[in-house]
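K.L.:
Quick one, what's the 3D model for this:
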Amino acid sequence: MIETQETFNFTTMPLVSGILLLIFGTFIFIFAIWRRNERRKLTGISEFTCSDRMVNTKGTEKILRFLAVLLLISGFILITFEALRIEGKVMNEVTAS
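P.N.:
Numbering: from 1, shown residues only. Sure, this is the predicted structure:
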């Protein structure tokens, strides 16, 4: 394999963006699950006694989970395509030499 700067420097902007999307998506997903579990505890039951607030809370948790899954999938796709692009560049350099 030809040793170029591209083979040693894998930190490109799409890769960093994909990693950040994965991190934020994971944190949002964990927060949504934590919030649901806190709501189901005995102290959470007394906090969410009003049925109107319960509907809004469930909707908010559903939106948070959807946003987290969307961020996780887009981060994974971004990292995958960037890795394939870098691999394609390296393979083209090897075959061109």
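
K.L.:
mind checking which helix or strand the nearest residue to Ala32 once chain neighbours are set aside is in?
P.N.:
With CB to CB, 6 or more residues apart in numbering as the criterion, Ala32 has its nearest non-adjacent residue at 3.9 Å, and that residue is Leu64. Quick note: C-beta positions are derived from backbone N, CA and C, even for glycine. Element membership for Leu64 (DSSP states H and E) is helix 51-96.

K.L.:
Which elements pack onto that helix?
P.N.:
The helices and strands touching helix 51-96, judged by 3 or more CB pairs under 8 Å, 6 or more residues apart in numbering; DSSP states H and E, are helix 5-8, helix 13-40.

K.L.:
Mean neighbour count, those: which tops it?
P.N.:
The highest mean neighbour count among these belongs to helix 13-40 (a mean of 15), with neighbours defined as mean count of other CB atoms under 10 Å.

K.L.:
Counting by contacts, list what it packs against.
P.N.:
Contact here means 3+ CB pairs under 8 Å, 6+ apart; on that basis helix 13-40 packs against helix 42-47, helix 51-96.

K.L.:
between those helices, which one is nearest to Ile30?
P.N.:
helix 51-96 (8.3 Å; CB to CB).

K.L.:
Now do that closest one and helix 13-40, the angle between them.
P.N.:
160 degrees (axes from the mean of the first three to the mean of the last three CA atoms, to 10 degrees).

K.L.:
Of all the helices and strands packed on helix 51-96, which one is nearest Phe81?
P.N.:
For the helices and strands packed on helix 51-96, distance to Phe81 was read as CB to CB. The smallest value, 7.4 Å, belongs to helix 13-40.

K.L.:
one step back: with mean pLDDT, mean neighbour count and distance to Ile33 added, can I get the helices and strands packed on helix 13-40 in a markdown table?
P.N.:
Compiled in a markdown table, the helices and strands packed on helix 13-40 are given as follows (pLDDT from 0 to 100; neighbours: other CB atoms under 10 Å; distance: least, CB to CB, whole Å):
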| stretch | mean pLDDT | mean neighbour count | distance to Ile33 |
| --- | --- | --- | --- |
| helix 42-47 | 68 | 10 | 13 |
| helix 51-96 | 84 | 13 | 8 |
